[in-house]
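1. sequence plus predicted model, see below.
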Amino acid sequence: MSKNKKRVYLLLAAVMAVMVIIEVFFAHPHYHMIWNVVPGFDIIIGFAGAWGLILLAKVAMAKLLQRDENYYDSDSCGGSSGKDGDGNA
Amino acid sequence: MILTAAAALRERMVTAMLNNIHPGLVLILFGIVIMAVPEKLRKVLIIAGPVLAALATINLNVDSSMCIDVVPGVTFQLLRVDRLAKIFMIVFSIASLIGAVYALSSKSRWETGFEAVYAGSSMGAVLAGDWISLIVFWEIMAAASWLIIMSAKTEKASKAGFRYLLVHMLGGNLLLAGIIVKAAGGGSMVISCLTGNQDAAFWLILIGVAVNAAMPPLNSWISDAYPEAPVAGSVYMASFTTKVGVYFVIRVFAGTEFLLWVGVFMALYGAAMALIENDLRRLFSYHIVSQMGYIVASAAVGSAIGIDGAAAHTFNHILYKMVLFMCCGAVITATGKRKITDLSGLYCKMPLTSVCFLIASLSIAGFPLFNGFVSKSLIMNAMAEGGYHGAEILLMIASVGTLLSVALKVNYFVFFGKPSSGCVDHGECAGGCAGRIEGCAAI
């Protein structure tokens, strides 16, 4: 890992650490649902929700809604340019 | 002292002149001229048009208006400024100026000309005070954006452009039908909030606006056409069409409660589709749908903080989305590849583009200290304040989906991961310069 990349990761980790400290010790929640008042609860929701979203996307949406990457290139759809949008063969 | 007085007089004259200029019409005029002049002059005009439009925007006063009498008794209000229009005009001016800098690398007179016309007509739609002026600018915008896609001159772009045109003509005609129904019923031609009407005009205008705002199931054009547009054209297109759509959601349909759940669905749908997408620009097209979802949901709450959140998020979204599309353009121009699986470890040879992309991706993901964090927080507050706690949680999950698909997936696989075939020298390309400017703006 290059020096700059390490710096970027360290900077992001530092910002997140500061945010956790601010949330736990200094934040005054304006609303009173459990994820507003219990520090870190929204992290649990986010983590579980992200897994749910990935499962939804991969299991259901990919099969139901996603077309093949070359859908409009196939002969059955009348297109066979063999080029992508930027003119690359 | 004389010099000071002369400078003050000149400033007053410039202000007086600019006060009477319609920024959108200026850009449309420049766009037409750009198509007709030789290359060297064209490059000057590509920048001069947005600069003049930006100066005219700065001089627009809230509550000012401009009317023209078409025939005796029929008056079009081409310009009506309020605070919502002003904030959209400011960000449109920034977008057209930075987009113009990026488009300087384009050789096509048609593309650059249509881009200026497109930006100008978007401004015209935002400033329109009556429905007839709106439909005129709306249709110019649809035609100009279609011609931008066509100027890529590939078979795929031509077909995607045709599909784009069909969808947008349908949207425009539904909007026109709604306006006609409204006029036939004796309704006012001044653009005003339709929330609570629920008549035929309401539904027709809503569907017309929904096409531009990419509301499902009318959103497929965005992921179909945007990846096929020219590199600079896609930067423009990511900044205007959907934003004009959400502007009218805020202006005309704020407080329409069922749109809140449409917005939440958009946010989740866009984020989930982006997770499984492999084409860079298509991935960001899905993210436009997702981010428009936040704005629609926030506008649908209808409270002051909801409207503020929607306007602020539109402003921020244009800035970081431009950077994302510019960086994609830089990558595509440098490598000739657009699929995430074909790219890896570009940080070692495109460090500035990578850093700009990182900044924009953290902004769209709502990372603390970046602009997306501010406006997403406003939207979350609007949901909590309105008592829509389910929507608040779902939007939070959509935001994590955005973090996964942009800030983690693209940054890792395209820029910061290990290069699959050593550090191939792609070089920074023309897009880098404007990308850097926008990166600063995104912060």
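-> Noted; the coordinates are in hand.

2. show me what contacts B:V126?
-> B:24, B:85, B:88-89, B:92, B:244, B:247 (CB atoms under 8 Å, 6 or more residues apart in numbering or on different chains). Every C-beta, even on glycine, is put in place using the N, C-alpha and C of the backbone.

3. for B:F137, see how far away it is.
-> Distance, B:V126 to B:F137, using CB to CB, to the nearest Å: 9 Å.

4. any common contacting residues for the two?
-> Common neighbours of B:V126 and B:F137 (CB under 8 Å, 6+ apart) are B:G24.

5. what's the first-to-last distance across stretch B:205-224?
-> 24 Å (CA to CA, to the nearest Å).

6. can you give me the buried ones in that stretch?
-> Buried residues in stretch B:205-224, counting neighbours by 16 or more other CB atoms under 10 Å in any protein chain shown, are found at B:205-215, B:218-219, B:221-224.

7. in helices, which of those appear?
-> Those of those mapping onto helices are B:205-212, B:221-224, per DSSP state H.

8. now do the contacts for the spatially most central residue of chain A.
-> Per CA atoms, centre = their mean, the C-alpha nearest to the average position across chain A is that of A:A50, at 7.7 Å. By CB under 8 Å, 6+ apart, the contact set of A:A50 is B:397, B:400-401, B:403-404.

9. let's see the pLDDT reported for it.
-> pLDDT, A:A50: 87.

10. run the chain-centre distance for the host helix or strand of it.
-> Following DSSP states H and E, one finds A:A50 within helix A:41-55. Relative to its chain's centre, helix A:41-55 lies at 11 Å (CA atoms, centre = their mean, to the nearest Å).

11. how about B:M169, nearest residue that isn't a chain neighbour?
-> Using CB to CB, 6 or more residues apart in numbering or on different chains and skipping the chain neighbours, the partner closest in space to B:M169 is B:A142 (6.7 Å).

12. pLDDT of the helix or strand hosting the one you found, averaged?
-> Remark: B:A142 resides in helix B:131-150, with elements defined by DSSP H and E. For helix B:131-150, mean pLDDT is 95.

13. which elements pack onto it?
-> helix B:23-34, strand B:74-80, helix B:109-127, helix B:155-184, helix B:231-253 (3 or more CB pairs under 8 Å, 6 or more residues apart in numbering or on different chains; DSSP states H and E).

14. just put the ones you listed in JSON lines and tack on mean pLDDT.
-> Shown next, in JSON lines, are those (pLDDT from 0 to 100):
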{"stretch": "helix B:23-34", "mean pLDDT": "95"}
{"stretch": "strand B:74-80", "mean pLDDT": "86"}
{"stretch": "helix B:109-127", "mean pLDDT": "95"}
{"stretch": "helix B:155-184", "mean pLDDT": "94"}
{"stretch": "helix B:231-253", "mean pLDDT": "93"}
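
15. as JSON lines, those with distance to B:L346 would be great.
-> Formatted as JSON lines, the helices and strands packed on helix B:131-150 follow (distance: least, CB to CB, whole Å):
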{"stretch": "helix B:23-34", "distance to B:L346": "33"}
{"stretch": "strand B:74-80", "distance to B:L346": "44"}
{"stretch": "helix B:109-127", "distance to B:L346": "26"}
{"stretch": "helix B:155-184", "distance to B:L346": "24"}
{"stretch": "helix B:231-253", "distance to B:L346": "16"}
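
16. any low-confidence regions in chain A?
-> Applying pLDDT under 70 to chain A flags residues A:1-2, A:72-89.

17. from it, which residue is nearest to chain B?
-> Among all residues of chain A, A:G49 sits closest to chain B, at 3.2 Å; criterion: CB to the nearest CB.

18. ok, that residue - contacts?
-> By CB under 8 Å, 6+ apart, the residues touching A:G49 are B:393, B:396-397, B:400.

19. now B:K376. Nearest residue, chain neighbours left out?
-> Leaving aside its sequence neighbours, B:K376 sits nearest to B:G366 (CB to CB, 6+ apart; 4.2 Å).

20. what confidence value was assigned to the one you found?
-> B:G366 carries a pLDDT value of 89.

21. got it, and B:I393?
-> Per-residue confidence (pLDDT) for B:I393: 93.

22. kindly report the same for the one 10 residues further on.
-> Each residue has a pLDDT score; the one for B:L403 is 90.

23. dump the residue contacts of it.
-> By CB under 8 Å, 6+ apart, the residues touching B:L403 are A:50, B:365-367.

24. and those residues, which are buried?
-> Among the contacts of B:L403, those that count as buried by neighbour count (16+ other CB under 10 Å) are A:50, B:365-367.

25. now those residues in JSON lines, please, with extra columns for distance to B:A116 and secondary structure.
-> Listed next are these as JSON lines, based on distance: CB to CB, whole Å; DSSP: H, G, I helix; E, B strand; the rest coil:
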{"residue": "A:A50", "distance to B:A116": "41", "secondary structure": "helix"}
{"residue": "B:A365", "distance to B:A116": "32", "secondary structure": "coil"}
{"residue": "B:G366", "distance to B:A116": "33", "secondary structure": "coil"}
{"residue": "B:F367", "distance to B:A116": "34", "secondary structure": "coil"}
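
26. show me which of those is closest to B:I307.
-> B:G366 (19.4 Å; CB to CB).

27. just to revisit the earlier point, dump the C-alpha coordinates for the helix holding B:A142 into CSV.
-> C-alpha atoms of helix B:131-150 as CSV (Å, rounded to 0.1, in the frame of the first residue of the first chain):
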residue,chain,number,x,y,z
TRP,B,131,-47.3,26.7,-17.9
ILE,B,132,-47.0,27.6,-21.6
SER,B,133,-43.5,29.1,-21.2
LEU,B,134,-42.6,26.0,-19.2
ILE,B,135,-43.7,23.5,-21.9
VAL,B,136,-41.7,25.4,-24.5
PHE,B,137,-38.5,25.2,-22.5
TRP,B,138,-39.3,21.7,-21.5
GLU,B,139,-39.5,20.4,-25.1
ILE,B,140,-36.4,22.3,-26.1
MET,B,141,-34.6,20.6,-23.2
ALA,B,142,-35.8,17.2,-24.3
ALA,B,143,-34.8,17.8,-27.9
ALA,B,144,-31.4,19.2,-27.0
SER,B,145,-30.6,16.4,-24.6
TRP,B,146,-31.6,13.8,-27.3
LEU,B,147,-29.2,15.6,-29.8
ILE,B,148,-26.4,15.5,-27.2
ILE,B,149,-26.8,11.7,-27.0
MET,B,150,-27.0,11.4,-30.8
